[in-house]
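Undergrad: Have a look at this prediction, sequence included:
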Protein chains: 2
Amino acid sequence: MKNIVETLKTLKLKVTPARIAILEIFSISDKPLSVEIIAKRMKDKQINQVTIYRTIESLVSAGIVGRIDLRRDAIFYELIDEHHHHHIVCTKCGLLEDFETCQIEEVSKNIILKSKKFKMIQDHSFELFGICNSCSRKNV
Amino acid sequence: MKNIVETLKTLKLKVTPARIAILEIFSISDKPLSVEIIAKRMKDKQINQVTIYRTIESLVSAGIVGRIDLRRDAIFYELIDEHHHHHIVCTKCGLLEDFETCQIEEVSKNIILKSKKFKMIQDHSFELFGICNSCSRKNV
DNA sequence: TTTCAATTGCAAGTCGATTGCATTTGAGTT
DNA sequence: AACTCAAATGCAATCGACTTGCAATTGAAA
């Protein structure tokens, strides 16, 4: 992500402390984040948790943040950047690994061509769930 | 799904009214169901909503029911049957369309071969999200 | 500097899902 | 057929992620 203020202006979103802070946190993180995690990383700044929820919602609507269901306690979010990727999640400990695949886009295209009820896809989910090597060894 | 009682016995699960009722509902439904929907379809039978939650959990653990996040209010579930499929979801009205694709299994295999932190995948999510033709026309 | 919709904080509320506990029950054992 | 006990169930209470109402504040355009 380039300059955060510029990005917000381009999107015609008001430049507010909450948006800047949250986008900063996203841009230095290489992992999807939950509202709870974001709140912890903002402890110094005085920003209400409700504001985090609403700010993220505005960023999702603006199309620069994506929502991910990792089958954990809360919803996770991450910046939608040029490196489109997906995740493998450990169902025991939550460990994440990214992977990139361009095949999903092809699959989606094929599917939409065959669909009778849909002509256009906005988004997709594709996450893998397993037990990481570390948890496997622990044999929990 | 063949005989429900036989299935439960094979899985070493007790044959209880709740399990039978829920598996019956699943087996006549061609769509994923939420706990709320299942509860409605069981109004005649006297089965507590908590029991539905716990029964579904046992069926998920036993590996015959799968959990699906359709980005709706609640989690959805459906029988894991021979026709492995995924869904396109209308983000406006929730309309569902199934699709089958064997390509996802291939993609998963390729990914796991490259992974450093995982050697085995249990499950995956793959759903498409869009606006259905009907909602498009309404231009909401 | 004026204006006003958008944003924010606070408190309260919503609602899907979970938990504790006493009771019941399925199914193996005697 | 009676015995045994872990598993399953119902009820009430609770949790916790998320949402909403409302008044106060603020970003940014006029």
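TA: The structure has been received and is ready for your questions. Numbering: from 1, shown residues only, chains lettered A, B, ... in the order given.
Undergrad: distance between the helix or strand containing A:Arg137 and the chain's centre?
TA: Taking DSSP states H and E as the criterion, A:Arg137 maps to helix A:133-138. Offset of helix A:133-138 from its chain centre (CA atoms, centre = their mean, to the nearest Å): 26 Å.
Undergrad: Quickly note the distance from the nearest residue to A:His86 once chain neighbours are set aside to DNA strand C.
TA: Leaving aside its chain neighbours, A:His86 sits nearest to A:Phe126 (4.8 Å; criterion: CB to CB, 6 or more residues apart in numbering or on different chains). Just so you know, the C-beta spots here come from the backbone N, C-alpha and C atoms, and that holds for glycine as well. Distance, A:Phe126 to DNA strand C, using CB to the nearest atom of the strand, to the nearest Å: 21 Å.
Undergrad: Then A:Ser134?
TA: To DNA strand C, A:Ser134 is 23 Å away according to CB to the nearest atom of the strand.
Undergrad: now check stretch A:19-32, is it near DNA strand C?
TA: Yes - judged by CB under 7 Å from any atom of the strand, stretch A:19-32 comes into contact with DNA strand C at A:Arg19.
Undergrad: Summarise which helices and strands the top helix by length along chain A is packed against.
TA: Secondary structure assigned by DSSP state H gives helix A:49-62 as the longest helix of chain A. With contacts taken as 3 or more CB pairs under 8 Å, 6 or more residues apart in numbering or on different chains; DSSP states H and E, helix A:49-62 sits against helix A:17-28, helix A:35-40, strand A:65-68, strand A:76-79.
Undergrad: let's see 6 Å
TA: Helix A:49-62 sits against helix A:17-28, helix A:35-40, with contacts defined as 3 or more CB pairs under 6 Å, 6 or more residues apart in numbering or on different chains; DSSP states H and E.
Undergrad: Can you tell me which of these is nearest to B:Ser34?
TA: Nearest to B:Ser34 among those is helix A:35-40 (23.4 Å), distances taken as CB to CB.
Undergrad: on that earlier part again, would you mind finding the most buried of the helices and strands packed on helix A:49-62?
TA: Ranked by mean neighbour count, those are led by helix A:17-28 with a mean of 18 (mean count of other CB atoms under 10 Å in any protein chain shown).
Undergrad: Next, the angle helix A:49-62 makes with that helix.
TA: Compare the direction of helix A:17-28 with that of helix A:49-62 by axes from the mean of the first three to the mean of the last three CA atoms, to 10 degrees and you get 70 degrees.
Undergrad: Wasn't A:His87 part of a helix?
TA: No - going by DSSP: H, G, I helix; E, B strand; the rest coil, the assignment for A:His87 is strand, not a helix.
Undergrad: now it: how far from B:Glu100?
TA: 24 Å (CB to CB, to the nearest Å).
Undergrad: which of the two has more neighbours?
TA: Applying other CB atoms under 10 Å in any protein chain shown to A:His87 and B:Glu100 shows that A:His87 carries more neighbours, namely 19 against 12.
Undergrad: For that one, list the residues it contacts.
TA: Contacts for A:His87 were tallied using CB atoms under 6 Å, 6 or more residues apart in numbering or on different chains; they are A:Leu96, A:Asp98, A:Glu127.
Undergrad: among those residues, which ones are buried?
TA: Those of these that meet the buried threshold are A:Leu96, A:Glu127, by 16 or more other CB atoms under 10 Å in any protein chain shown.
Undergrad: ok, the contacts of A:His87 vs chain B, which is closest?
TA: A:Glu127 (5.0 Å; CB to the nearest CB).
Undergrad: Now do the SS call for that closest one.
TA: Under three-state DSSP, A:Glu127 falls in the strand class.
Undergrad: Would you mind listing what in chain A touches DNA strand D?
TA: Near DNA strand D, when you scan chain A using CB under 7 Å from any atom of the strand, you find A:8-9, A:14-17, A:34-36, A:49-50, A:53-54, A:57, A:73-75.
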